[in-house]
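> sequence first, predicted model second:
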Amino acid sequence: MRIAACVVGVVGALVGIFFAQLLVTVSMVLSLASSQTGDVELGSEFFLGAGALLFFALGMAGAIVAPIRAALGAVLLLISAVGSLIAILAIGGPGPTAITGSGQALAAVVPYVGSALLFIATALAAMELRAAMVAPIASAAPAPVTEMPPAAPAVAAPAQLAAAVPMKLLSAPSASAASTGEIEPGTAFDALEQSGEFVHVRGAGFEGYLPAWSIRRS
């Protein structure tokens with residue numbers, strides 16, 4: 001899209017510059033030819049043609065910038081297209097007093113072709129800018145969440161404390177966890193899941209964690 005906007009914009013600007021330069025030149029020649037004293041009195045067609053020439057030159061700059069910076073190129077192309085169209089409409093097309101014959105038909109068609117191409121180039125640059133803005137949004141879409149199957153419930157197995165001395169019942173599977181009581185050797189309980197070096201145990205009136213080495217499963 002950027003290359004297309006550049007090519008179409010350059011062609012439109014060149015066509016418009018040709019028209020504007022033709023109008024400026026013809027206006028100066030006619031003003032000089034119609035002058036009785038030799039002084040050139042420039043009419044409104046000259047100044048409008050010069051304004052159109054500047055707008056078409058701005059369109060050329062926008063077309064060149066579009067492949068590098070689509071936003072700036074689109075703005076310059078839009079200003080050029082609107083400004084040149086306003087200047088051409090203000091001129092109203094060269095009348096028979098300005099240009100006659102085949103030149104009149106050419107001058108009536110060429111300026112509008114240039115502005116139309118600039119509008120097309122503006123649309124192409126805007127489409128490229130929109131595509132560049134939508135792409136990051138699409139890539140930032142969250143990835144689908146994969147549902148994990150529920151974990152199987154812990155199976156309780158009969159066990160007893162095989163240590164020779166009472167063991168502290170821990171509130172968490174960590175050696176630094178707070179103690180919730182002591183379990184006497186030979187106490188029976190249910191051994192649940194194992195977390196690292198500790199086993200989750202549950203018995204009559206107590207529940208917590210004991211070292212795995214101190215438990216003997218039945």
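Structure received. Residues are numbered from 1 along each chain as shown.
> top strand in this structure by residue count?
When the chain is parsed with DSSP state E, its longest strand is strand 188-195.
> would you mark the buried spots in it?
Phe189, Asp190, Ala191, Leu192 (16 or more other C-beta atoms under 10 Å). The way it works is simple: take the backbone N, C-alpha and C, and place the C-beta from them, glycine included.
> nearest residue to the middle of this protein?
With distances taken as C-alpha atoms, centre = their mean, the chain has Met133 as the residue nearest its mean C-alpha position (1.9 Å).
> who's in contact with that residue?
If you count contacts by C-beta atoms under 8 Å, 6 or more residues apart in numbering, Met133 has none.
> you'd agree it is in a strand?
No - per DSSP: H, G, I helix; E, B strand; the rest coil, Met133 lies outside any strand segment and is helix.
> measure it to Ala126 for me?
If you measure Met133 against Ala126 using C-beta to C-beta, to the nearest Å, the figure is 11 Å.
> shared neighbours of the two, anything?
Counting by C-beta under 8 Å, 6+ apart, nothing touches both Met133 and Ala126.
> now the most far-flung residue of the chain relative to its centre: closest residue in space that isn't a chain neighbour?
Distance from the C-alpha centroid of the chain, by C-alpha atoms, centre = their mean, peaks at Ala164 (69.7 Å). Among residues not flanking Ala164 along the chain, Pro185 sits closest, at 6.1 Å (C-beta to C-beta, 6 or more residues apart in numbering).
> residues in contact with the one you found?
Leu161, Ala162, Ala163, Ala164, Val165, Pro166.
> quick check, it in a strand?
No - the assignment for Pro185 (three-state DSSP) gives coil, which keeps it out of a strand.
> where does it fall, phi/psi-wise?
Phi and psi for Pro185, reported as degrees, to the nearest 10, are phi -60, psi 140.
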